[in-house]
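Chemist: Here you go, sequence then predicted model.
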Amino acid sequence: MTTKLESLRLFFPAEVTAAYVGIQNLLAANGVKKTEYMLFMVTVAALLAIINAVLYWQKHKTRSIPWQIVLAVGFFVWVANIDLERFKDLPLLGANIEITAPVAVIFYTLLTSMFDLPKGQADAHG
């Protein structure tokens, strides 16, 4: 599963993924437990998904709205998998997130493997 998550992460600019992980670490360094601040982190994820879309739109010339939606869904799938404990209380999805998040990665990977997802220019070179 770690390999699938790492492959998924490569579709997002490093700035976006580093920002999410950085905020996670900032909360942890200030004594916030992994099960706290769920709504805050959902908001952070939504804002970073928007920033991700802007980066792809501006820097990488990905103008397709369907691809932007695919990338946003992928970002939320990645976030859910790296922050499972925090999202257990999420309405509708939280009760089974330990099962649904990994399954979502598997299906997202299978579905997107049929297409060439746009990659950031920096990711394409390294």
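Modeler: Structure received.

Chemist: so the residue sitting nearest the centre point of the chain is in which element?
Modeler: Centroid check for the chain by C-alpha atoms, centre = their mean gives F75 as the closest residue, at 2.5 Å. Element membership for F75, per DSSP states H and E: helix 65-82.

Chemist: which residues are in contact with that helix?
Modeler: 1, 5, 8-9, 11-12, 16-17, 20-21, 24, 41, 45, 48-49, 52-53, 56-57, 62, 87, 93, 97, 100-102, 104-105, 108, 112, 117-118 (C-beta atoms under 8 Å, 6 or more residues apart in numbering). Every C-beta, even on glycine, is put in place using the N, C-alpha and C of the backbone.

Chemist: Mind listing what's buried along the lengthiest helix in the chain?
Modeler: For the chain, the longest helix by residue count, based on DSSP state H, is helix 38-58. Of all the residues in helix 38-58, those buried under the rule 16 or more other C-beta atoms under 10 Å are 38, 41-42, 44-45, 48-49, 51-53, 55-56.

Chemist: what distance separates the helix holding F75 from the centre of its chain?
Modeler: Centroid separation for helix 65-82 versus its chain: 6 Å, with C-alpha atoms, centre = their mean, to the nearest Å.

Chemist: can you pull the buried residues of that helix?
Modeler: In helix 65-82, counting by 16+ other C-beta under 10 Å, buried: 68, 70-72, 74-81.

Chemist: Repeat that for stretch 27-41.
Modeler: Buried, per 16+ other C-beta under 10 Å, within stretch 27-41: 27, 37-38, 41.
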